[in-house]
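Participant: Sequence first, then the predicted structure:
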Amino acid sequence: MEELEKDEHTPETEEYGILHLFIDQKPFDPVRFWDYLQNKFPASIIRSKGLFWLASRPDQALVWSQAGGSLKAEGAGVWWASMLFHERMKYLPFLENQKQIEKDWDKKFGIEK
């Protein structure tokens, strides 16, 4: 409530002074990812979020959200690299963000380098 009354938002990275960014051009292996979540996910991680993809679902972008003990993964739309360029051009979200999406496009994985 206190933050709602303020004129501006203070990001968690500034408020708590913590940040770790994980970037990889390869998709997660679904079996190893599940094992990590079930057996190795550190309890010390307070918050994590972002986009990811699984090797078993190469056409889907997924969004990850975790706060404390609450873990959530759900569909976030199409993984643009999974379709031919002329097919991408049929999607308004792609057209609206085309310059940013293609800025550092990795030809093999279709993500920013």
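Facilitator: All right, it came through fine.
Participant: CA atoms only for stretch 56-72, dumped as CSV, please.
Facilitator: Extracted in CSV, the C-alpha atoms of stretch 56-72 (Å, rounded to 0.1, in the frame of the first residue of the first chain):
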residue,chain,number,x,y,z
SER,A,56,10.4,-30.2,-25.8
ARG,A,57,8.2,-27.1,-26.7
PRO,A,58,10.3,-25.3,-29.3
ASP,A,59,7.4,-23.2,-30.5
GLN,A,60,6.3,-21.8,-27.1
ALA,A,61,7.7,-19.0,-25.0
LEU,A,62,7.1,-19.5,-21.3
VAL,A,63,7.1,-17.0,-18.5
TRP,A,64,8.5,-17.9,-15.1
SER,A,65,7.5,-16.3,-11.8
GLN,A,66,8.7,-17.2,-8.4
ALA,A,67,8.2,-15.5,-5.0
GLY,A,68,9.2,-17.4,-1.9
GLY,A,69,7.8,-20.9,-2.1
SER,A,70,5.4,-20.0,-4.9
LEU,A,71,6.6,-21.2,-8.3
LYS,A,72,4.7,-20.6,-11.6
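Participant: which residues are contacting that stretch?
Facilitator: Outside of stretch 56-72, the residues within contact range by C-beta atoms under 8 Å, 6 or more residues apart in numbering are 27, 30, 37, 41, 45-54, 73-79, 82-83. Using the backbone N, CA and C atoms, a C-beta is placed for each residue, glycine as well.
Participant: Narrow those to those in helices?
Facilitator: Secondary-structure check on the contacts of stretch 56-72 using DSSP state H: residues within helices are residue 30.
Participant: Just the buried ones from the contacts of stretch 56-72?
Facilitator: By neighbour count, with 16 or more other C-beta atoms under 10 Å, those hold 27, 53, 54, 78, 79, 83 as buried.
Participant: Return the member of those nearest to residue 14.
Facilitator: The nearest member of the buried ones among the contacts of stretch 56-72 to residue 14, counting by C-beta to C-beta, is residue 53 at 29.0 Å.
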